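# Next input, structure requested:
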Amino acid sequence: MGSTLYIIGNGFDLHHGIASSYKAFGQFLRERDRDTYDKVDRYFSVDDDFWYEFEDRLATLNSDSLIDDASVFLTGYGADDWSDSAHGDYQYEINEVVEAISTRLRARFADWIRQLRLPSPTDIANIRLPIDPSAIFLNFNYTSSLQQLYSVPDSQVLHIHGSAANPTETLILGHGWEPEANLDPYRIYADPEDADMRVVEGQGLIDDYFKETFKPTEAVIESNAPFFARLSGVTEIFVMGHSVSSVDHPYFYEVMRNVTPIARWKVSYHGSVAGVLSGMTALGVSAAHTEFATLGEF
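Coordinates of the predicted model:
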């Protein structure tokens, strides 16, 4: 069992010149699938920070706007222009949006990740990091930069959200916000007399969006239990290019649960240390066991 664990985030790939930012994905999406891009732009709060907070923002679907837009297809059953063929138009419009911002968006994300160009080892000669290829790696990135640039064996790396190198593997992308249980998920009991089954079914489609795009952290941890069990001998942890954001805290807690309590942490930051300092403090990692540095200082 190795005594060193590396936790790798997207800042690691960006450090090596890989265009792997979510903002770059947004540009790719706009060029390759303008319809899906426009739906994202319409039904999420897209501002200057949106693509930097992309996964978290997937939980901010503006369902009220979606319902309002689709409501023009809610022809009254007694209206002169009512027809059986129009019965499913409302649900169809909602489903078109949900399909685009869930299934299609994630498919485009996988397309984008798999076409990213990785540099060669000689390209990064001046920015190489002190990586021990015999260590253990918990990799939040989808790319094989560790393997290609630092000759780390596949057996030492867990791509916790999937590997782009495997063309058949489903890549995990999603938000970490879990909606509260709804005792009336189809809104029937709230107003049974006026319940319109078209509206009921449309709301069900919106509810399904949040379920489908929720990142199943607990299930991922459980399915990778043997990897975390390998960490019992770890005494050093290097966090490289990871923001230590709350959406990934369950993975960090699982690491902390398995490594020795006296393990020392060295955590990278970019720009300001405040973000990762806040993340590590929230995790409860002892300040006496933690050091912060930029990747260039590693």
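
# Where does the prediction get shaky in the chain?
By pLDDT under 70, the weakly predicted segments of the chain are 1-2, 75-87, 179-196.

# Helices of that one, start to end?
Taking DSSP state H to define them, one finds helices in the chain at 10-15, 22-32, 34-43, 54-57, 63-70, 89-99, 105-115, 145-150, 197-212, 217-223, 225-229, 249-258, 274-283.

# buried ones in stretch 50-59?
Neighbour counts over stretch 50-59 (16 or more other CB atoms under 10 Å) mark Phe50, Trp51, Phe54, Glu55, Asp56, Arg57, Leu58, Ala59 as buried. Backbone N, C-alpha and C define where each C-beta goes, glycine included.

# next one: stretch 36-46
Residues Thr36, Tyr37, Lys39, Val40, Tyr43, Phe44 are the ones in stretch 36-46 that count as buried (16+ other CB under 10 Å).

# again, but for stretch 55-71
In stretch 55-71, the ones that count as buried by 16+ other CB under 10 Å are Glu55, Asp56, Arg57, Leu58, Ala59, Leu61, Ser63, Leu66, Ile67, Ala70.

# Test my guess that the last one contacts Tyr90.
Yes - the pair Ala70 and Tyr90 passes the contact test of CB atoms under 8 Å, sitting 5.3 Å apart.

# what is in contact with the two at once?
Common contact partners of Ala70 and Tyr90 (CB atoms under 8 Å, 6 or more residues apart in numbering): Gly202.

# Quick one, which of the helices of the chain gets closest to Ile136.
Closest to Ile136 of the helices of the chain is helix 225-229 (CB to CB; 8.0 Å).

# Distance from the chain centre to the closest one, please.
21 Å (CA atoms, centre = their mean, to the nearest Å).

# name the helices or strands packed onto that helix?
helix 249-258 (3 or more CB pairs under 8 Å, 6 or more residues apart in numbering; DSSP states H and E).

# CA atoms only for the helix it packs on - export them in CSV, please.
C-alpha atoms of helix 249-258 as CSV (Å, rounded to 0.1, in the frame of the first residue of the first chain):
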residue,chain,number,x,y,z
HIS,A,249,-16.8,16.9,0.1
PRO,A,250,-18.2,13.4,0.5
TYR,A,251,-15.2,12.0,-1.3
PHE,A,252,-12.8,14.0,0.9
TYR,A,253,-14.6,12.7,4.0
GLU,A,254,-14.2,9.1,2.7
VAL,A,255,-10.5,9.8,2.2
MET,A,256,-10.3,11.2,5.8
ARG,A,257,-12.1,8.1,7.1
ASN,A,258,-9.6,5.7,5.6
